[in-house]
Each structure stands twice: as C-alpha cells, then as structure tokens.
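Visitor: Let's see this in three dimensions:
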Amino acid sequence: MFDPYKIREDFPVIKKKIYGKPLVYFDNAATTLKPKVVIEAISEFYREYSANVHRGLHFLSQKASEIYEETHEVIAKFINAKAEEIVFTYNTTYAINMVAYSWGLENIKKGDKILLTIMEHHSNMLPWRRIAKICDATIEYVDIKNDYTLNMEDFESKIDDRTRVVAVTLMSNVLGTINDVRKIAKLAHEVGAIVVADGAQAVPHMPVNVRDLGIDFLAFSGHKMLGPMGIGVLWGKSELLENVEPAISGGGTIRDVTLEDVSWGKLPEKFEAGTPNVGGAIGLAEAAKYLMKLGTQNIRNHEKQLTKQMMKLMREELDDYVEYYGPENVEFRGGIVPFNVKGMSHHAVAAYLDTEGIAVRSGLHCAHPLHYRLGLKGTIRASLYIYNTKEEIEYFINALKKLVKKTT
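Guide: Here you go, the predicted model:
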C-alpha cells in the first residue's frame, strides 16, 4: 500500500527544521531528496569495494565491474529496455548533447528540418539549434494551445518529409503538461524522422515504457528520481546506437586502435568514455529499485491527488490573488504547479515561503521561450513527489494566505 507518511521515514532530510519550522520540500522538479537506501548503497561501494571497473583482474575491480553491469540491467528493467541500450551519462543535458553530436552530426544535412516545441527545456533546444547551425538545417517550433497543451494541429502542419528529428519533452518542467508522445512518434516515423524525448520530469513520476512509447532516444537524470547528482541515462534503440560513432571517445570506448583506424567497443561501453561514475550508477540503480517497489502507477496516482488538491485550494481560497498555469485536468499534467502572486515578484514570494520552511523554485526554469510566449517574467514552481502530503499542501496554502494578507 502506498503510504507517504511511511515513505517519509526513509528520508533523513525531511526531519530537518528550517528557521525552526518543519521542512516542506516542494522543489522536486529541480532535484529530489535521497532515501537512506541510496545513501547507504553509495557509501558501501566506496567503503567496501571501491575500484575502477573493466579490465582489472583483482578482486575489487571484478566486484565493482559485476555490480556496475547489474546497474544497467536494473535501469533497463525500469523503462523496459535492453541492458546494452542503457548508457550512463552525467545528466539529461549531457545525454541529449550526445545524441545531437553523434546521430545528429552524421545524419542531418543541409535543408533538413528539426522540429522542437515551445515548451522545451533549454537542454532539448540549444543542442539542436547548434546542430542546425553546423549542418545548415532549419528549426521550427510547435506552439501550445490556450489550455497549455501542445497544439497537435500545429505539429501536424509543420512535420513533413524534410523533418529528420522531433525533440519533445514527455512532461514540461514548467507547466507539468504531459505530451502525447506515442502519437508524436507515430507521425514522426511516417516521415522518416526520429524522436528524441526529454524524460527528466516524467521518468521519476509515472510509468515510462520506451517500447510502448515508440520513441528512438530517451534522456533522464538520476538526481530527479531519488538518485545522486552527476549520473544520468541515455537510452537509444540498439540499431541506432550501433550505427553512429560516439561524440566523445577515448578510454573504454574501443575494441582496438591502430595508428590508421579504430574499431569501437560493444554497447554501451562504446558511449561510456573514461572512468564512469560507478558510485553514482549504484545509487541510481538503488533508487530505481525503490521506485519500482512503490510502483510507478501508484506514484502517479498520488501526485495526481496532491496536484488536484493544490489547484483546488488555490482556486477556492486564493483566486483573487494567485494565478496558476498548466492544464486544468490532472490527467494531462504531472505534479508541477507554477504560479504567481499578483503584484509581487516571483523571487520575493519564493523568499517569503522559505521563511516558512517551504522550498520552491522561482525564475524562468531553463525555459525562457515558454515564459516569453506566455507573457511572464517568471514563475514560482511548486513540484510534488512521493513524500509530500495533503497536510503540507494545506500548510503551503495557509502560508500564501498569510503573505497576501500582509501585502493587501
């Protein structure tokens, strides 16, 4: 049974007091808290069998290599992939850049089109703009509708036979909008384009099955799903990964090298240049096990309930003072609620909430074009996760009520 109150016992930081008040952590879209099992798994690696992986014949290296290979299998199970398709990177940003500078440079030609959405995080926008400039390709953007969902009519009018890449987020890091990526992938493949999905916000919060989605590449980060920072994942179809050269090469990526030629190593080693973040991979695998034990659909259901409650209370108790953004129907949004308090700076609101022990994020959230499209200078973002409760949302709403009372 999914019990957020029991889950909270696994997270040491939750017990922390902020200015003498209980911590209410609503900054999960930026990074999540870490459970004890993840912290202990990383500590055990460095304490008990810290060694470099691959090619070492001594006991510690063999043990570290065995565990490191198992981490690929765990993450593959988490998203229904093959272990050899799981490439460990630093983060989502790095993973998308790897796709852009390997597959993109080899396959995008002059006159080709790269199709993005206006709601993309900079990490799934700027690498493609750079590739378009290098390859003399064009960039087009799919707009959103008034209900904050992706305008699929605009998408269908812009995708054509020149389109080589569709880069799309599974869930907007600002609006929480969940995109119909299955439909997008189907339309993209009909014109011979590949789909590169940013899963940073979706993978930790809902079931993600790469085979079911029909996408070609997926990127996500460990630290947004209870894992450590500095570890991320690039998943790609094996046939695509096998047929491109790695954007970053060197130690660990090769089978053999002569002065005249190079033969690349097997997957995923071909794309994991240099000494990997073994401790980070171990922590990430432990986080994935924790989430699978909870059940990703249970996580999704919990966040839908909390999101619905937060928007309902904002609407009923703060409607004259607060504007929130994103789809009204929680079936089409994740646990992200961006908002503004009328007449107040978003940074000032976030700073006030901090004095109440409430952690939120304020600013443009690495999605400047989306904010400009909405006519906003910034937003306050409250983002929810497995350890958040209905009582925390009530406390948060009461804190906002105290703020508007002071300023009106």
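
Visitor: make it CA atoms for all contacts and neighbour counts henceforth
Guide: Fine.

Visitor: neighbours around G295, how many?
Guide: When neighbours are defined as other C-alpha atoms under 10 Å, G295 has 16 of them.

Visitor: Kindly report the same for E156.
Guide: The burial count for E156: 13, using other C-alpha under 10 Å.

Visitor: Dump the C-alpha coordinates for the host helix or strand of it into CSV.
Guide: For E156, the host element (DSSP states H and E) is helix 152-158. C-alpha atoms of helix 152-158 as CSV (Å, rounded to 0.1, in the frame of the first residue of the first chain):
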residue,chain,number,x,y,z
MET,A,152,-1.1,19.0,-32.3
GLU,A,153,-2.7,20.7,-35.3
ASP,A,154,0.3,23.0,-35.4
PHE,A,155,2.6,19.9,-35.1
GLU,A,156,0.9,18.1,-37.9
SER,A,157,1.1,21.2,-40.2
LYS,A,158,4.8,21.6,-39.6
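
Visitor: which is the next helix or strand following it?
Guide: The first helix or strand that comes after helix 152-158 along the chain, using DSSP H and E, is strand 163-169.

Visitor: what lines up beside that next one in the sheet?
Guide: With DSSP bridges as the test, strand 163-169 is paired with strand 113-117 (parallel), strand 194-198 (parallel).

Visitor: who's in contact with that strand?
Guide: Here strand 163-169 makes contact (C-alpha atoms under 8 Å, 6 or more residues apart in numbering) with 108, 112-117, 119-121, 124-125, 179, 181, 188, 191-199.

Visitor: rewinding a little: got the strands paired with strand 163-169 as JSON lines, with distance to T389 and mean neighbour count columns?
Guide: Converted to JSON lines, these look like this (distance: least, C-alpha to C-alpha, whole Å; neighbours: other C-alpha atoms under 10 Å):
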{"stretch": "strand 113-117", "distance to T389": "33", "mean neighbour count": "24"}
{"stretch": "strand 194-198", "distance to T389": "27", "mean neighbour count": "25"}
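
Visitor: would you list those in a markdown table and tack on distance to T307?
Guide: A markdown table is the format used below for those (distance: least, C-alpha to C-alpha, whole Å):
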| stretch | distance to T307 |
| --- | --- |
| strand 113-117 | 24 |
| strand 194-198 | 22 |
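
Visitor: In terms of residue numbering, what are the domains of this protein?
Guide: The chain breaks down by automatic domain parsing into domains covering 4-26+295-407, 39-293.

Visitor: Give me whichever of the ones you listed is most buried.
Guide: Of all those, domain 39-293 has the most neighbours on average by mean count of other C-alpha atoms under 10 Å, namely a mean of 20.

Visitor: Now do it, average pLDDT.
Guide: Averaged over domain 39-293, pLDDT sits at 97.

Visitor: From one end of it to the other, what's the distance?
Guide: 17 Å (C-alpha to C-alpha, to the nearest Å).

Visitor: Remind me what the helix holding E156 packs against, helices and strands.
Guide: strand 138-142 (3 or more C-alpha pairs under 8 Å, 6 or more residues apart in numbering; DSSP states H and E).

Visitor: give me that answer again for 10 Å
Guide: When contacts are defined as 3 or more C-alpha pairs under 10 Å, 6 or more residues apart in numbering; DSSP states H and E, helix 152-158 sits against strand 113-117, strand 138-142, helix 181-190.

Visitor: Walk me through which strands the second one pairs with, and which way each runs.
Guide: Spelled out, it's strand 138-142. Its sheet considered, strand 138-142 pairs with strand 113-117 (parallel) by DSSP bridges.

Visitor: got a list of contacts for the very next helix or strand once past the partner strand?
Guide: Once strand 113-117 ends, the next helix or strand along the chain (criterion: DSSP H and E) is helix 126-135. Residues outside helix 126-135 that contact it (C-alpha atoms under 10 Å, 6 or more residues apart in numbering) are 93-94, 96-101, 104-116, 120, 122, 136-140, 165-167.

Visitor: No further questions, thank you.
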